[in-house]
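Asker: sequence-free structure coming up:
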């Protein structure tokens, strides 16, 4: 199984790959509600030093997307850019302090079926993180190894019976994560592998958009 050690060379590789393409934006994205999420890279917590990213489990009683797995992030406030938003949301949701100098780059904007334009920002947090979860927003935070998104747990694609965009999901634990999180992670995994893959044609099932 392919593994990725959390090292300066891998961080430099990811940064260089992200610099090779300008993030794609849809022509109507400015009309959508603007949001941002973070792919926060950290070392695995099992002593392997494998590269992992942070995944949260949302509070079960939230008004939207309750109990779903998600990347840290949220709606962009007035006067903020995507980097500012991820830094603020990480502090508010999980008590993790980030800074702009930890940014490796930005992935393609992803327009959701619920009317959001999400900008994914990639960070590298090389110091061991300390988490302080906001119980009104996050029930748990996990470190998911990049290697866990390969092999039998790589991205799965499905056609919809009524036609339309392909559905994408990743198996995580005993569940699945769907777009937009799955689509964003798929593009990132492709970037780490040295490839660019546009993902605006990948969608989520209806139940995952609520």
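Answerer: Nice, I can see it. Just so it is clear, the structure is predicted and the values come from calculations on it, not from any experiment. Numbers count the residues shown, from 1 in each chain.
Asker: give me the mean pLDDT for the longest strand along the chain.
Answerer: If you go by DSSP state E, the chain has its longest strand at strand 33-43. Average pLDDT, strand 33-43: 97.
Asker: tell me which strands that strand pairs with, and in which orientation.
Answerer: strand 51-58 (antiparallel), strand 73-75 (antiparallel), strand 116-124 (parallel) (DSSP bridges).
Asker: right, and the helix or strand after the last one?
Answerer: What that stands for is strand 116-124. Sequence-wise, the next helix or strand downstream of strand 116-124 (DSSP states H and E) is strand 138-145.
Asker: might one say that residue 134 is in contact with residue 92?
Answerer: Yes. Residue 134 is within contact range of residue 92, at 6.1 Å (criterion: CB atoms under 8 Å). From N, CA and C alone the C-beta is placed, and that goes for glycine too.
Asker: more neighbours: the two, which one.
Answerer: Set side by side, residue 134 and residue 92 give different neighbour counts by other CB atoms under 10 Å, the larger being at residue 92 (15 against 12).
Asker: secondary structure element for residue 183?
Answerer: With DSSP H and E as criterion, residue 183 is part of helix 181-192.
Asker: show me where pLDDT drops low in the chain?
Answerer: By pLDDT under 70, the weakly predicted segments of the chain are 1, 26-27, 60-67, 163, 206-210.
Asker: let's see that with 80 instead.
Answerer: The model of the chain has pLDDT under 80 over residues 1-2, 22-30, 59-67, 151-153, 160-164, 205-210.
Asker: re the thing from before, list the helices and strands the helix holding residue 183 packs on?
Answerer: Here helix 181-192 touches helix 8-19, strand 33-43, strand 51-58, strand 116-124, strand 166-172, strand 202-203, going by 3 or more CB pairs under 8 Å, 6 or more residues apart in numbering; DSSP states H and E.
Asker: list the buried residues of the second one.
Answerer: Same thing as strand 33-43. 34, 35, 36, 37, 38, 39, 40, 41, 42, 43 (16 or more other CB atoms under 10 Å).
Asker: test my guess that the third one contacts residue 122.
Answerer: No. Using CB under 8 Å, residue 36 makes no contact with residue 122, being 11.5 Å away.
Asker: pull the distance from the helix holding residue 183 to the chain's centre.
Answerer: Relative to its parent chain, helix 181-192 has a centroid offset of 8 Å by CA atoms, centre = their mean, to the nearest Å.
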